[in-house]
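[1] Next one to model:
(chains A and B)
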2 protein chains.
Amino acid sequence: MVIQAETNTPSAILDRASLLLDAFDGPGRLTLAQIVRRTGLPRSSAHRMLERLVQLRWLRREGRDYELGIRLMELGSLAVHQDRLHRAAMPFLHELHRATGFVVHLAVLDGSDVVYLDKVGGDLAAAVPTRVGGRRPAHCTAVGKAILASAAERRLAEILTTQGSRTRYSINSRAQLDAELAKVRAHGVAVEREESLPGFGCIAAPIGDLGQAAVAAVSVCGPVDRMLFDHRLSAPVRTTALNIWRHVDDGQVRVRPTLQQHARPLNVGPRPLAPVDRRARDYA
Amino acid sequence: MVIQAETNTPSAILDRASLLLDAFDGPGRLTLAQIVRRTGLPRSSAHRMLERLVQLRWLRREGRDYELGIRLMELGSLAVHQDRLHRAAMPFLHELHRATGFVVHLAVLDGSDVVYLDKVGGDLAAAVPTRVGGRRPAHCTAVGKAILASAAERRLAEILTTQGSRTRYSINSRAQLDAELAKVRAHGVAVEREESLPGFGCIAAPIGDLGQAAVAAVSVCGPVDRMLFDHRLSAPVRTTALNIWRHVDDGQVRVRPTLQQHARPLNVGPRPLAPVDRRARDYA
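    A predicted model of the protein is given here:
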């Protein structure tokens, strides 16, 4: 039996609670034994904390299985909906989806990942395996590259260190990333073709003050052979990014969508895709 | 200066963390002073815990203001997407929305409230101020009444005790609730007209085994004067509820939507509404 010295400072206990909840990132349902294995916490201590988290409804217990609970759903939803950027962005995200027919994402940078704050997409959305609150390696996504293009060197140093590639087209060297970010800075939009997800591509624009580090990015995403990788899509994406930023700090967020129909709604669904010529990249 | 005896058991610390996070349910941004006032926790203890929660990214600090953080977004999103009911329901919710044109909700009972697990609705969704992870008094909503109709007496006793009415049409007595739930049991669907939200109505069906307490409910919701409060809407809602329940416990959830187009898509938006004749209730 392992006897483990435990500190009971509030910080140490919060760290343990965080560790317990992090264990559910992946499997979903865990028994006490599995949680003990995943966290390395002593069984009795883990059990007491789990039962308290069940009482607080952060977790739910069904028989011997623990799952994430309804209070986390509520707090997570509050976190998204209280976010000022998200609140300012919502009408513009819907407008961009209506104008283009593609799936629209709003994302922020968190460490070396992007985290999605919103996803708007009608039927096509189901074909794109992203979700609000979900994360992806920043350098594999258009939203990530759009944000990284204005990021400080110390943030870039984190990229590509721990993360692997998502597809065979993903950026996998610092030189490749630097060349890509230079293109983003030159064109004001980031393009991604099957670097995150086979068959899909994205065009993203950074959100924030010109010359400052971007705070977020907005993108359209769809089957790579139906996307228009030129101004017909990049113009409405950039307009959306500008509109969102203009409305973030208005206090009482004014909702006044101004984007016109820039591209014909495409109503496309995923289908088997032809090979993509990777040399024929054209930026808007 | 108030000297307060504090216990540092893990449970007491988790309770305090929960109290701190609960303080953000409403205002969104809070200073330390506001949090101390709302929680009654000693300032130094609150400050230490808040800073640790910032480090864990459960909270975010901007200057003197604290906000809910990105890790809660992630955990909340995981909680929703790992939910087996939600996973089984998703394709059927989208299908019900396509078939009817109305906003579709999936909800569970939590205490005397319903909590929404999903909301599918295209453009009309923006007009309905519900959100995933949000809650409403169960007795004011069609989904709530659909679930309560099969609930044990001890659950019903909680209803109407702490919750007020949402509109002048909301149920506000136990006798009225009992009469309403009898109708739900007789017809298999629950109807709600402007009881939760002026101008809007809903039709809901319970999800679960016949003769057992329902575990959830699904509804369609739209402008009350455009809803069809008869079998044309109630039939697809009931079919959806049956399909969801049939797919919940299949382990590897099979996705095989079977619902046909029962009602013409209505593509309606909210507009000024005529007064509703409350006596003309017809159940399907």
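
[2] Mind checking if stretch A:95-114 is in reach of chain B?
    Yes. Shown here: stretch A:95-114 in contact with chain B (CB under 8 Å from any CB of the partner chain) through A:98, A:108, A:110. Where C-beta positions appear, they are placed from N, C-alpha and C, glycine not excepted.

[3] need the contact list for the second one.
    Contact criterion CB atoms under 8 Å, 6 or more residues apart in numbering or on different chains gives A:85, A:114, A:115, A:117, A:147, A:215, A:216, B:70 as the residues in contact with residue A:108.

[4] 6 Å instead, please
    A:115, A:216 (CB atoms under 6 Å, 6 or more residues apart in numbering or on different chains).

[5] That one falls within a strand, correct?
    Yes. Counting by DSSP: H, G, I helix; E, B strand; the rest coil, residue A:108 is part of a strand.

[6] residues in contact with the residue in the stretch 51-200 of chain A that chain B sits nearest to?
    Chain B sits closest to residue A:76 of the stretch 51-200 of chain A, with a gap of 1.2 Å, by CB to the nearest CB. Taking CB under 6 Å, 6+ apart as the contact definition, residue A:76 lies against B:72, B:73, B:75, B:76, B:77.

[7] Can you tell me how far the third one is from chain A?
    When CB to the nearest CB, to the nearest Å is the yardstick, residue B:75 and chain A sit 5 Å from each other.

[8] can you pull out the strands in chain A?
    For chain A, the strands defined by DSSP state E cover A:30-31, A:59-62, A:65-68, A:103-110, A:113-120, A:135-137, A:190-193, A:200-207, A:216-223.

[9] who wins for proximity to residue B:248 among the ones you listed?
    strand A:59-62 (12.6 Å; CB to CB).

[10] for that closest one, what is the average pLDDT?
    Average pLDDT, strand A:59-62: 94.

[11] Stretch A:34-42 too?
    pLDDT averaged over stretch A:34-42 gives 95.

[12] Residue B:211: which of the strands of chain A is closest?
    Here strand A:59-62 is closest among the strands of chain A (CB to CB), at 20.9 Å.

[13] In chain A, where is pLDDT below threshold?
    The model of chain A has pLDDT under 70 over residues A:1-6, A:161-165, A:249-284.

[14] Which residues of the stretch 101-250 of chain A lie near chain B?
    A:110, A:115, A:131, A:132, A:133 (CB under 6 Å from any CB of the partner chain).

[15] how about the last one, what does it touch?
    Shown here is residue A:133, whose contacts under the criterion CB under 6 Å, 6+ apart are B:73, B:74, B:77.

[16] Now residue A:79. Nearest residue, chain neighbours left out?
    residue B:68 (3.7 Å; CB to CB, 6 or more residues apart in numbering or on different chains).

[17] and the one you found, what are its bridge partners?
    residue B:59 (DSSP bridges).

[18] mind listing what it touches?
    A:78, A:79, B:24.

[19] 8 Å instead?
    With CB under 8 Å, 6+ apart, residue B:68 has these contacts: A:75, A:78, A:79, A:82, B:21, B:24, B:28, B:58, B:59, B:60.

[20] And for residue A:43?
    Residue A:43 touches A:32, A:36, counting by CB under 8 Å, 6+ apart.

[21] Try it again at 6 Å.
    With CB under 6 Å, 6+ apart, residue A:43 has these contacts: residue A:36.

[22] sorry, back to before: can you put the contacts of residue A:76 in TSV and add distance to residue A:210?
    As requested, these are arranged in TSV below (distance: CB to CB, whole Å):
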residue	distance to residue A:210
B:72	31
B:73	28
B:75	35
B:76	33
B:77	32
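
[23] Nearest to residue B:190, out of those: which one, please.
    Nearest to residue B:190 among the contacts of residue A:76, with distances taken as CB to CB, is residue B:76, at 27.3 Å.

[24] ok, back up a step: how about the nearest residue to the residue of the stretch 51-200 of chain A closest to chain B, chain neighbours excluded?
    In space, residue A:76 is closest to residue B:76, 1.2 Å off (CB to CB, 6+ apart).

[25] dump the residue contacts of the nearest residue to residue A:38 once chain neighbours are set aside.
    Once flanking residues are discounted, residue A:38 sits nearest to residue A:23: 4.3 Å by CB to CB, 6+ apart. Residues in contact with residue A:23 (CB under 6 Å, 6+ apart) are A:35, A:38, A:39.

[26] And the last one, how far from residue B:15?
    Relative to residue B:15, residue A:39 is positioned 21 Å away (criterion: CB to CB, to the nearest Å).

[27] And those two? Which one has more around it.
    residue A:39 (18 against 15; other CB atoms under 10 Å in any protein chain shown).

[28] Not counting residues beside it along the chain, what's closest to residue A:233?
    Per CB to CB, 6+ apart, closest to residue A:233 is residue A:203, 5.2 Å.

[29] Tell me how many other residues crowd the one you found.
    31.

[30] and it, what does it touch?
    A:142, A:189, A:191, A:220, A:233, A:234, A:237.

[31] In this structure the fourth one contacts residue A:101, no?
    So that's residue A:220. No. The criterion here is CB atoms under 6 Å, and residue A:220 misses it with residue A:101 at 8.9 Å.

[32] Tell me which of the two has more neighbours.
    Neighbour totals were compared for residue A:220 and residue A:101, and residue A:220 leads with 29 against 19 (other CB under 10 Å).

[33] would you list every one of the helices in chain A?
    A:10-22, A:32-39, A:43-55, A:70-82, A:84-100, A:142-148, A:153-158, A:174-187, A:231-248 (DSSP state H).

[34] how about those helices in CSV, adding distance to residue B:90?
    Supplementary listing: the helices of chain A in CSV, determined by distance: least, CB to CB, whole Å:
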stretch, distance to residue B:90
helix A:10-22, 24
helix A:32-39, 26
helix A:43-55, 26
helix A:70-82, 15
helix A:84-100, 19
helix A:142-148, 24
helix A:153-158, 34
helix A:174-187, 34
helix A:231-248, 27
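
[35] So which of those helices is the most surrounded?
    helix A:142-148 (a mean of 30; mean count of other CB atoms under 10 Å in any protein chain shown).

[36] From the contact counts, what lies against that helix?
    The contact analysis (3 or more CB pairs under 6 Å, 6 or more residues apart in numbering or on different chains; DSSP states H and E) places helix A:142-148 against strand A:103-110, helix A:174-187, strand A:190-193, strand A:200-207, strand A:216-223.

[37] from memory residue A:116 sits against residue A:134, does it?
    Yes. If you go by CB under 6 Å, residue A:116 and residue A:134 touch, sitting 5.5 Å apart.

[38] Now do the phi/psi pair for residue A:208.
    phi 150, psi 180 (degrees, to the nearest 10).

[39] Sounds good, over and out.
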